[in-house]
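Undergrad: I need the structure of the sequence given here:
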Amino acid sequence: MASPEIPSYRMTVELPVGFLDPKGTRQTAAEVRAVTGADELYIGMSREYTEHPNDMVYKMLLLGRCVTRLGDETIVTLSNVQQLHARDLQTLERAIYTLTYGSDALPDDESPGG
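TA: Below is the predicted model of the structure:
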């Protein structure tokens, strides 16, 4: 009997706007991973979140941890994430939510920053 396939907790995402890499090339591919308990703990204990506990700070810190690739760049920093267009941020956030909770649990479309 074949064992059940382990679901993937990573997803490649096409960014609707994209960003310019250091060479000036527009990049639209990104990779994200599902949220872990360690991510939740890190964010909850972070200086940024404890000083400013709001949804936007939480989302930026979460994206900074769960976006694993932007274009060819595999070291993604919070600064990289902060430079992305709001539409790209929403696309990445929805992909992470889908990987973590499933597509049936996706909330209705939100306004930017909502």
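Undergrad: Could I get the contacting residues of the closest residue to Ser46 other than its chain neighbours?
TA: Leaving aside its sequence neighbours, Ser46 sits nearest to Leu61 (CB to CB, 6 or more residues apart in numbering; 6.0 Å). To be clear about C-beta, it is placed using only N, CA and C from the backbone, and glycine gets the same treatment. Applying CB atoms under 8 Å, 6 or more residues apart in numbering, we find Leu61 in contact with Tyr42, Ile43, Ser46, Glu48, Tyr49, Leu78.
Undergrad: in what helix or strand does Leu61 lie?
TA: helix 55-66 (DSSP states H and E).
Undergrad: Would you enumerate the residues in contact with Pro106?
TA: That one is not Pro; residue 106 is Leu. Contacts of Leu106 by CB under 8 Å, 6+ apart are Arg94, Tyr97, Thr98.
Undergrad: cool, Gly24 as well?
TA: With CB under 8 Å, 6+ apart, Gly24 has no contacts at all.
Undergrad: picking up where we left off before, distance-wise, check the residue nearest to Ser46 relative to Pro16.
TA: 22 Å (CB to CB, to the nearest Å).
Undergrad: what packs against the worst-scoring helix or strand of the chain on mean pLDDT?
TA: Every helix and strand of the chain was ranked by mean pLDDT, DSSP states H and E. The lowest is helix 78-82, at a mean of 93. Helix 78-82 is packed against helix 55-66, strand 67-70, with contacts defined by 3 or more CB pairs under 8 Å, 6 or more residues apart in numbering; DSSP states H and E.
Undergrad: Pull out the buried residues from the last one.
TA: Translated: strand 67-70. Buried residues in strand 67-70, counted by 16 or more other CB atoms under 10 Å: Val67, Arg69, Leu70.
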